[in-house]
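# Dropping the sequence and predicted coords here.
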Amino acid sequence: MPELTFRDANFADVEALVGLIESAYRGDASRAGWTTEADLLAGQRTDPDGVREVITAAGSRLLVAERAGEIVACCQLQKREAYVYFGMFSVSPQLQGGGVGKAVMAEAERIAREWGAAEIRMTVIRQREDLIAFYERRGFGRTGRFEPFPYGDERFGRPLRDDLEFAELAKPL
């Protein structure tokens, strides 16, 4: 397999990134991988405006991983006080479990350290115990803080249950 290369996303990547993110989390295509949220949420995970917003936000980078010129993964990094927020993490379902995600996380952590961050944080749907366990195996811990799911805002999907919330995870750098 060709090596991964990393770069910042640009506006020409928006459609491909929306497709990647949707394929990793929503609908039947997401069931090819293990990060699917299709049993918890219907509808979209993001849209072109949301991706453009991450690309242009102050203190934010949308990191793209490519293999042989094809976008295969991405993640958002955003400076917030003494930590970096890690979000929008997506790996092509066909490549999940093959080390791509670990490589993207390692690059994200390298960038966060380069920015001088003391830790990296993320939020994960609390009900996704398998995904939380994946992050715990990579050094993240549960902070005990939770955020409500944005019910009623279909930009983030249509919940299929009424008890969703986000758990915060953190990893010291």
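Sure, I can see it.
# could you say which helix or strand contains the residue sitting nearest the centre point of the chain?
Computing the C-alpha centroid of the chain and ranking residues by Cα atoms, centre = their mean puts residue 89 first, at 1.8 Å. Using DSSP states H and E, residue 89 falls within strand 83-91.
# Paired strands for that strand, with orientation please.
If you go by DSSP bridges, strand 83-91 pairs up with strand 70-80 (antiparallel), strand 119-125 (parallel).
# Show the average pLDDT along the first one.
For strand 70-80, the per-residue pLDDT values average out at 97.
# can you list the residues that contact that strand?
Contacts of strand 70-80 with the rest of the structure, by Cβ atoms under 8 Å, 6 or more residues apart in numbering, involve 4, 9, 13, 16-17, 20-21, 54, 57, 59-66, 84-92, 95, 100-101, 104-105, 108, 111-112, 115, 117, 121. (C-beta placed from N, C-alpha, C; glycine too.)
# tell me which residues of it are tucked away?
Using 16 or more other Cβ atoms under 10 Å as the test for burial, strand 70-80 gives 71-79.
# Which ones among the contacts of strand 70-80 lie within strands?
Counted as lying in strands by DSSP state E, out of the contacts of strand 70-80, are 4, 60-66, 84-91, 121.
# Packing partners of the lengthiest helix in the chain?
Counting residues, the longest helix found in the chain (DSSP state H) is helix 100-114. Helices and strands touching helix 100-114, by 3 or more Cβ pairs under 8 Å, 6 or more residues apart in numbering; DSSP states H and E, are strand 4-8, strand 60-67, strand 70-80, strand 83-91, strand 119-125.
# Name the spans of the protein whose pLDDT lies under the cut-off.
1, 30 (pLDDT under 70).
# Residue 169 is in contact with residue 135, correct?
Yes - the pair residue 135 and residue 169 passes the contact test of Cβ atoms under 8 Å, sitting 5.4 Å apart.
# what residues are shared contacts of these two?
Joint contacts of residue 135 and residue 169 (Cβ under 8 Å, 6+ apart) are 122, 124.
# returning to what we had before: narrow the contacts of strand 70-80 to those that are buried.
So, of those, 4, 9, 13, 17, 20-21, 54, 60-66, 84-92, 95, 100-101, 104-105, 108, 111-112, 117, 121 end up buried under the neighbour-count rule (16+ other Cβ under 10 Å).
# List the residues that contact residue 38.
Residue 38 neighbours (Cβ under 8 Å, 6+ apart): 25-28, 30-31.
# if we can go back for a sec, generate TSV for the strands paired with strand 83-91, with distance to residue 40 as supplementary columns.
Output for the strands paired with strand 83-91, formatted as TSV (distance: least, Cβ to Cβ, whole Å):
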stretch	distance to residue 40
strand 70-80	20
strand 119-125	6
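# Nearest to residue 42 among those strands would be which one?
With Cβ to Cβ, the closest approach to residue 42 among the strands paired with strand 83-91 belongs to strand 119-125: 13.9 Å.
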